[in-house]
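Novice: Sequence and computational prediction follow.
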Amino acid sequence: MAKNQRISATDRAARIPSIVIVGGGAGGLHLATRLADTVGRRGLADIVLVDRYPTHFWKPLLHEAASGHRDPASHTIEYAAQARLYGFRFVQGELQRVDRTRRVVTLGAVLDGDGAPVLPERELPYDELVLAVGSVTNFFNVPGAAEHALPLENLGQAEDFRRKFLAACMKADHQAQANPTLPVQRIFINVIGAGATGVELAAALRQAVAPLTKYRFRSLIAERDVCIRLIEGAPRILPALHERVSDQALAQLRRMNIEVSTGVRISEVTHDAIMTATGDRLSADMTIWAAGVAGPAMLKQIGDIALNRSNQVIVTDTLQTPDDPHIYAFGDCAACRLEGRGILPPRAQVAHQQALYLGRAFARRLSGKDVSAFKFHDAGTVVSFGQAGAVYQIDFGSRARSLIVDGLVAIGLYKFLYRKHLFGLHGTKRTLLQSLGDWLQSHNRPTVKLH
Ligand SMILES: Cc1cc2nc3c(=O)[nH]c(=O)nc-3n(C[C@H](O)[C@H](O)[C@H](O)COP(=O)(O)OP(=O)(O)OC[C@H]3O[C@@H](n4cnc5c(N)ncnc54)[C@H](O)[C@@H]3O)c2cc1C
């Protein structure tokens, strides 16, 4: 559509409504697939998915991509292929503005690798707009953190981290070979934030070092030459989970030779160190920030939509914005407060349940039926230590009535989460085929990517 062209009420009434979903992540891609397969197939609505990238990678696997345990090439889903299979339209572009009066979103120009424009800035009309743009790293204004610490928000950043990690190993290995009489220059990796993401990342990195030194950097000794530190500001790691889970995780991480510090506030990050509030300086070849998330800054600029202090879109229990019932938001970018629960946490299971809910809600609205409020059913939290195991916690009403499980059950549950995500997108046959492919590949190559 040409820029600034008006969409009249008659134009809108003459065609089926357009549901535009912005963000094809853990929640948005599920919603687009489900809606296309239901109301889209019945000709009740035109389903459009917008994402700034052409492919989807499930965010909870990012730490496995960053450590090299997961080859992204085998785990990305092309939006265009999914769109063709299920019957929605895919439009690549980054959301920049929302014009609520004209019900039009503006997407930024798409550029090639050299920065030359491929697609110009465009407008896309909507009848119902769903924001599912996820979250970004919250550096909490710590000086130097945004400049020198690496975030882990998307596949590009995970790959960037992995390349830097390999380069640091290559350099230390070369120096050890060139000067065998001198002590090896140790590599220091600091992970800031010991929530589930930080813990899983630290464990995955530790497990990546041994195969790297075995196959490629043979002058390095994994445990001695690569130091992984996990630093948490709260008095214990995994502060959102039960104390028993924290204790179990701490013992496991220490067995894996990961240095864990709690109650440590970071006051500054530089290119080669982190400073603590008590004045300590810790060397850093790489610092990864996993200490919290916020809604993307872009949400402030897109239009007159109410946000909370974490920059998330405020939504009601039907996931609509209070000021405009034609705008919905869910997943990490939304602040959905449910009675007795507070604001739902930024987790894949929240985004997934909200996608299922919105799929049903749109179908009911389009058939002229009432829609009830969204209800969240907590299926528990599982934290993985890679090959070293996992721990799972589920609360029955309160923290005092929690079930905590480890061992094979917890490992199985962790693996099941990704299969469940694939099952929702691909159905049984393709999920089984992909699982078989993964299993065959895992028996045919080293456990981590070596380049
Ligand atoms: C390393 C790691 C491990 C995790 N592990 C777990 C776990 O074990 N369990 C769990 O429940 N949760 C986990 N999470 C959290 C989980 O990944 C998120 O809660 C979940 O992905 C949120 O889904 P979403 O759909 O809201 O956003 P996302 O999955 O982040 O998707 C957002 C999408 O929006 C697109 N987008 C962003 N901005 C724009 C724009 N301006 N225009 C167009 N497109 C845009 C992005 O490209 C992306 O495709 C983990 C997160 C990380 C980083």
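Specialist: Arrived safely.

Novice: Which is the succeeding secondary structure element to the strand or helix carrying Cys169?
Specialist: Using DSSP states H and E, Cys169 sits within helix 155-178. Using DSSP H and E, the next helix or strand after helix 155-178 towards the C-terminus is strand 187-192.

Novice: residues in the stretch 1-150 of the chain within reach of the ligand, list them.
Specialist: 22-28, 50-53, 59-60, 62-63, 94-95, 132-134 (C-beta under 6 Å from any ligand atom). C-beta here means a position set from N, CA and C on the backbone, and glycine is covered the same way.

Novice: Let's test this: mean pLDDT of the helix holding Cys169, rounded?
Specialist: Helix 155-178 shows a mean pLDDT of 91.

Novice: Next: stretch 103-120.
Specialist: Mean predicted lDDT for stretch 103-120 stands at 92.

Novice: gap between the two ends of that stretch?
Specialist: From its first residue to its last, stretch 103-120 covers 20 Å (C-alpha to C-alpha, to the nearest Å).

Novice: For that stretch, which residues meet the burial criterion?
Specialist: Arg103, Val104, Val105, Thr106, Leu107, Gly108, Val110 (16 or more other C-beta atoms under 10 Å).

Novice: In strands only, show me these.
Specialist: Val104, Val105, Thr106, Leu107, Val110 (DSSP state E).

Novice: between the residues you listed, which is closest to the ligand?
Specialist: Leu107 (7.3 Å; C-beta to the nearest ligand atom).

Novice: Count the residues that sit near the spatially closest residue to that closest one that is not a sequence neighbour.
Specialist: Excluding the flanking residues, the one nearest Leu107 by C-beta to C-beta, 6 or more residues apart in numbering is Gly93, at 3.0 Å. Neighbourhood size, Gly93 [other C-beta atoms under 10 Å]: 20.

Novice: isn't Gly93 right next to Val118, touching?
Specialist: No. Contact criterion C-beta atoms under 8 Å: Gly93 and Val118 do not qualify, at 10.4 Å.

Novice: which residues are in contact with both of those two?
Specialist: The overlap between the contact sets of Gly93 and Val118 (C-beta atoms under 8 Å, 6 or more residues apart in numbering) consists of Val110.

Novice: my guess is Val315 meets Pro325, correct?
Specialist: No. Val315 is beyond contact range of Pro325, at 10.8 Å (criterion: C-beta under 8 Å).

Novice: Compare the two (neighbour count), which wins?
Specialist: Between Val315 and Pro325, Val315 has the larger neighbour count (other C-beta under 10 Å), namely 24 against 11.

Novice: Who does the more buried one form a beta bridge with?
Specialist: Cys336 (DSSP bridges).

Novice: and it, what does it touch?
Specialist: Applying C-beta under 8 Å, 6+ apart, the residues near Val315 are Thr321, Pro322, Tyr328, Ala329, Phe330, Ala334, Ala335, Cys336.

Novice: How much space separates it from Thr106?
Specialist: Relative to Thr106, Val315 is positioned 22 Å away (C-beta to C-beta, to the nearest Å).

Novice: Ala202 and Phe416: what is the separation?
Specialist: 23 Å.

Novice: thinking again about what came up before, buried subset of the contacts of Val315?
Specialist: Thr321, Tyr328, Ala329, Phe330, Ala334, Ala335, Cys336.

Novice: Mind checking which of those are in strands?
Specialist: The strands, defined by DSSP E, take in Thr321, Tyr328, Ala329, Ala334, Ala335, Cys336 from these.

Novice: host element of the residue of the stretch 151-300 of the chain at minimum distance from the ligand?
Specialist: Closest residue of the stretch 151-300 of the chain to the ligand, C-beta to the nearest ligand atom: Thr197 (4.3 Å). According to DSSP H and E, Thr197 maps onto helix 196-215.

Novice: for that helix, what is the average pLDDT?
Specialist: If you average the pLDDT values across helix 196-215, you get 91.

Novice: ok and that helix relative to helix 155-178, angle-wise?
Specialist: For helix 196-215 against helix 155-178, the angle by axes from the mean of the first three to the mean of the last three C-alpha atoms, to 10 degrees is 40 degrees.

Novice: Excluding its own residues, what touches the helix or strand just after helix 196-215? List them.
Specialist: Downstream of helix 196-215, the next assigned helix or strand under DSSP H and E is helix 222-225. Contacting residues not belonging to helix 222-225 are listed as Ala172, Ala176, Val184, Arg186, Ile187, Val209, Ala210, Leu212, Thr213, Asn257 [C-beta under 8 Å, 6+ apart].

Novice: Of all the residues in helix 222-225, which ones are buried?
Specialist: So helix 222-225, judged by 16+ other C-beta under 10 Å, has buried residues Ala222, Asp225.

Novice: Could you report the neighbour count for the one residue in the stretch 101-250 of the chain that gets nearest to the ligand?
Specialist: As assessed by C-beta to the nearest ligand atom, the ligand sits closest to Gly134 within the stretch 101-250 of the chain, at 2.5 Å. Gly134 has 22 neighbours, counted by other C-beta under 10 Å.

Novice: wait, isn't it in contact with Val22?
Specialist: No. Look at Gly134 against Val22 with C-beta under 8 Å: they stay out of range, at 10.4 Å.

Novice: could you list every residue that touches Ile305?
Specialist: Val98, Leu299, Val313, Thr321, Asp323, Asp324, Ile327.

Novice: and the closest residue to Ala335 other than its chain neighbours, what is it in contact with?
Specialist: Distances taken as C-beta to C-beta, 6+ apart place Gln312 nearest to Ala335, at 3.9 Å, with adjacent residues excluded. By C-beta under 8 Å, 6+ apart, Gln312 lies in contact with Ser135, Ala294, Gly295, Leu299, Ala329, Asp332, Cys333, Ala334, Ala335, Ile343.
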